[in-house]
Each structure stands twice: as C-alpha cells, then as structure tokens.
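Visitor: please find the sequence and the predicted model below.
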Amino acid sequence: MARVLIIGAGGVSGVAVHKCAQASEVFTDICLASRTKSKCDAIAAQLKRPIRTEQVDADNVPQLVALIRDFQPDVVLNLALPYQDLHIMDACLETGVHYIDAANYEPPDEAHFEYSWQWAYQDRFKAKGITALLGCGFDPGVTNVFCAWAVKQNYFDTIDTLDIIDANAADNGHPFATNFNPEINIREVSANGKYYKDGQFIETKPMEFSQVFDFPAGIGPKKMYLLWHEELESLAPFLKKKGLKEARFWMTFSDNYLKHLEVLENVGMTRIDPVMYQGHEIIPLQFLKALLPDPATLGPTTVGKTCIGCLIRGKKDGKDRQYYIYNVCDHQKCYQEVQSQAVSYTTGVPAMIGAMLVATGVWKGAGVYNMEQFDPAPFMEKLNQYGLPWVEEFK
Ligand code: NDP
C-alpha cells in the first residue's frame, strides 16, 4: 500500500503513471504534478482509475514542500527534467520522503552531466533516514541492474570490458524528431564522448568512434557511436573490483538523424547560450525544442523496436566468456498498452519498478544510491512481470 507523487507530465511520466495505475495492489494513491496541469489531466483521462493532478513548479522548493506535505507520498518520482533534480531532492529532504529520478543533474547553462552534485547529498539523506535512488530508467537504470546481476550470478571470475549498447531501430514518421526530450537528447548527443580505460575516463570528440553491431530479434546490423553516458561514472568503480579495464556506451543513429543534427549545429540552432532576437533573449536549443515534435506524441506513428543491453567480456574458470543481456521492445505494442512509444516505455517501466521497490521497503537504505548498489534480483523479476523481459546469451 503506497502513495506515489510523480513530477513531470511528459513521455516517460505518461508511461510510469499508466504502470503505477495498473499496479493498484501497491500504488493505492497516485498524484501527478507538473508545470502544465492540462498535461497531467490528459494523462489522467487515459486511465481506468482516478488519480489526483496538480500544478507545480518543480524549481520552486516551497511549492514542492507544500504539495508533498499535503499529499503525503511514500516516494517522489521525479520524471521532469534533469534541471529540477536538486530542487526536488531538497524538497524530499525537508519533508523526509524517498526520492527517485531517471537522469542525473545538469546545470541549465552548461551541457555537462555528472553525479557529483547529487552524490553530495549523501550525508544529508543518511541523516534524514531516507533513500535517493538515482538513474532509475533503462540506461541509466536497467543497464546498471544488468551489471549487478552478472556480478551476483557469478557469471565471471574477472571482467575485462563492458559495452552498453542502445539501438532504436525505428521510424517515427517525421523527418527529424527525438524520442525523448529534444533539448536533453541534443545536449547529450552533441557533447564530447567519454569512456573508461585502465582507471581513467578518456574524452573523445562527438561521434569520433563508431562500429557496426549485429542486433538480435531481426534488427540486424546497425552503426552505433560512442557517447558519454552517466551510468559509466558509477559502473566503472563498481566493476573495478572484478578487474574492469574498459567501459563504453554506444548508441545507434541513422544517417538522416546525424545529417539533420550536423546542419542544426552548423547554423547555431543547438546553442545553449542566450542570443538576442528582436529585443528578447532566446536560447536557440529551447526554441528548436518548441518546433520539434513532442516525444509524448510520437506513439501512434513510431514503428520498429528498441534493443538495449550490456555486452560483458571476461573470464570464467580460466576460459574467455562473453555475456550479452538485453531487452527488445516493440514501439507499437507499447503504444497499444500505454499510448506511448518504446523509448518512453523502456524508461517509465523501470521508474515505476524502482518506486515500487523503495516504497515497499524491498530496496531499503538511508543515503544516495545508484541502481547497482541494491540487490538486482527483485528488479530483474519485476522487469519480466511488468513488460520488459530480458534475454541472456553466453559465448
Ligand atoms: P518531456 O520533455 O517529455 O517531459 C518533461 C516534463 O517535465 C514535462 O511535462 C515538463 O512540463 C515537466 N517539467 C519541466 N520543467 C518543469 C518544472 N520546472 N516543474 C514542473 N514540471 C516541469 O521529457 P521525457 O519524458 O522525455 O523525459 C523525462 C526525464 O527522463 C528526463 O530527465 C530525461 O532525461 C529522462 N530520460 C531517462 C532515460 C533513461 O533511460 N534513464 C531515457 C529517456 C529519458 P511541460 O509539459 O510544461 O513542459
């Protein structure tokens, strides 16, 4: 029996709200609050049971505190944007309520993301006796749990390399559209890459490294590019105890996507510094976001599959071993179930599972946690139960 407050009413939140509403045996009360209340009401109208909706500015801590005090949730699920993370953590600290998010903090004026700002809350969450669970989406999120699972199952005596591999083999019916928040997506993709090697993080130029990977489930060979992704920051130290030498993150992009991105970058539309236009300051990337399709509306037109997983290489009993664990998710099946495409689905389902495990005390601990720090077994079981079944292949 748990009460969950979900903040943000975009694509990912829509899925998490549907899934929490389905799990009525756990989530007896749901409140959905966001900057634009009409978006909360539109999601609420899709559900078979009533939920409460509210307007909230998640950058306004007193407003958040008042809402939390009034609704009295067991857990706050932050599915707004990374810019709001610290404000929502502050409100959770003030009210003594568990906190979960799906993306690490980013300062709005700098395309730079790392865990240091949120890890700095460790002592305060410990002292308050509450949990902050960071990065509870698919990647980060499930990918961290997959790594913890490989360790727990003793699949390796030593681990040499980790490659996190994310493919979206889909057509969304638009010449150019991002599958999650366009501003966050473009900031992530146009930033320098980075990977872990021999105890250090090494920076690369954007899209400097690529390779072709043959994806399962009929997806076939796709070109993927090395990106910096936040889970490497916590997974590299976690897997170091198993001997990890190298960890990289790869994502597929179509030539069409990259061509659009290149042109937008060349003309300055991806800039995040203010530009004067007709007497007003505008941020070009925020203006571009306003022009691009809202990812929450892509459900009906997106066809194809996502395939996200971890490829781990190392040794077991003196022999080389390769382990590939992944999930395949079909965009149209997601749409039929929760009226969203698979990128939102693969993020919203783990967010709901994290909220469920923390709210019910299955995952318990005072402090700030990354996903691999908890027992992966209950999470793995719930992935199968709630729509994200996983497959393991050994070589
Ligand atoms: P959307 O842009 O679709 O939704 C964001 C929502 O947050 C919008 O409803 C927006 O309100 C709301 N919001 C923004 N600012 C505020 C504020 N100050 N106060 C209250 N609400 C606010 O994003 P997505 O659903 O695509 O992504 C949600 C999060 O999930 C992001 O942090 C993203 O990085 C993360 N993500 C994580 C993934 C993972 O695997 N870990 C994968 C994909 C996404 P409004 O509607 O008024 O604009």
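Guide: That came through, no problem. Numbering: from 1, shown residues only.
Visitor: show me where the stretch 101-250 of the chain dips below the pLDDT cut-off.
Guide: Nowhere does the stretch 101-250 of the chain drop to pLDDT under 70.
Visitor: so who does the most centrally placed residue in the chain touch?
Guide: In the chain, the centroid-proximal residue (CA atoms, centre = their mean) is residue 137; its distance is 3.5 Å. Contact analysis of residue 137 by CB atoms under 8 Å, 6 or more residues apart in numbering lists 12, 102, 103, 346, 347, 350, 351. Backbone N, C-alpha and C define where each C-beta goes, glycine included.
Visitor: and it, how far is that from residue 282?
Guide: 30 Å (CB to CB, to the nearest Å).
Visitor: just residue 26 next, same as before
Guide: 44 Å.
Visitor: kindly report the same for residue 318.
Guide: As judged by CB to CB, residue 318 and residue 282 stand 61 Å apart.
Visitor: isn't residue 27 up against residue 6?
Guide: No - applying CB atoms under 8 Å as the test, residue 27 and residue 6 come out as separate, 9.8 Å apart.
Visitor: which neighbours do those two have in common?
Guide: In contact with both residue 27 and residue 6: residue 20, using CB under 8 Å, 6+ apart.
Visitor: am I right that residue 36 is in contact with residue 10?
Guide: No - under the criterion of CB under 8 Å, residue 36 makes no contact with residue 10, lying 9.8 Å away.
Visitor: for the residue of the stretch 1-150 of the chain found nearest the ligand, which non-adjacent residue is closest in space?
Guide: With CB to the nearest ligand atom as the measure, residue 10 is the residue of the stretch 1-150 of the chain nearest to the ligand, at 1.8 Å. Leaving out its chain neighbours, the residue that sits closest to residue 10 by CB to CB, 6 or more residues apart in numbering is residue 296, at 5.4 Å.
Visitor: three-state assignment of the one you found?
Guide: Assigned with DSSP: H, G, I helix; E, B strand; the rest coil, residue 296 falls in the helix class.
Visitor: surely it and residue 340 touch.
Guide: Yes - taking CB under 8 Å as the definition, residue 296 is a contact partner of residue 340 at 7.0 Å.
Visitor: sorry, back to before: and residue 27 and residue 6? Which one has more around it.
Guide: With neighbours defined as other CB atoms under 10 Å, residue 27 and residue 6 compare such that residue 6 has more, 32 against 25.
Visitor: shouldn't that one be within a strand?
Guide: Yes - the assignment for residue 6 is a strand, going by three-state DSSP.
Visitor: all further residue positions should be reported with the first residue as 47.
Guide: Let's use 47 as the start, then, which means that last one is residue 52.
Visitor: ok, now which ones touch it?
Guide: By CB under 8 Å, 6+ apart, the neighbours of residue 52 are 59, 62, 63, 66, 76, 77, 78, 79, 123, 125.
Visitor: residues of the stretch 47-196 of the chain that sit close to the ligand?
Guide: Neighbours of the ligand within the stretch 47-196 of the chain, by CB under 6 Å from any ligand atom: 54-59, 80-82, 85, 102-105, 125-128, 130, 148-149, 181, 183-187.
Visitor: rerun at 5 Å
Guide: Within the stretch 47-196 of the chain, the residues that sit near the ligand (CB under 5 Å from any ligand atom) are 54-58, 80-82, 85, 103-105, 125-128, 148-149, 183-185, 187.
Visitor: that's all I had, so thanks and see you.
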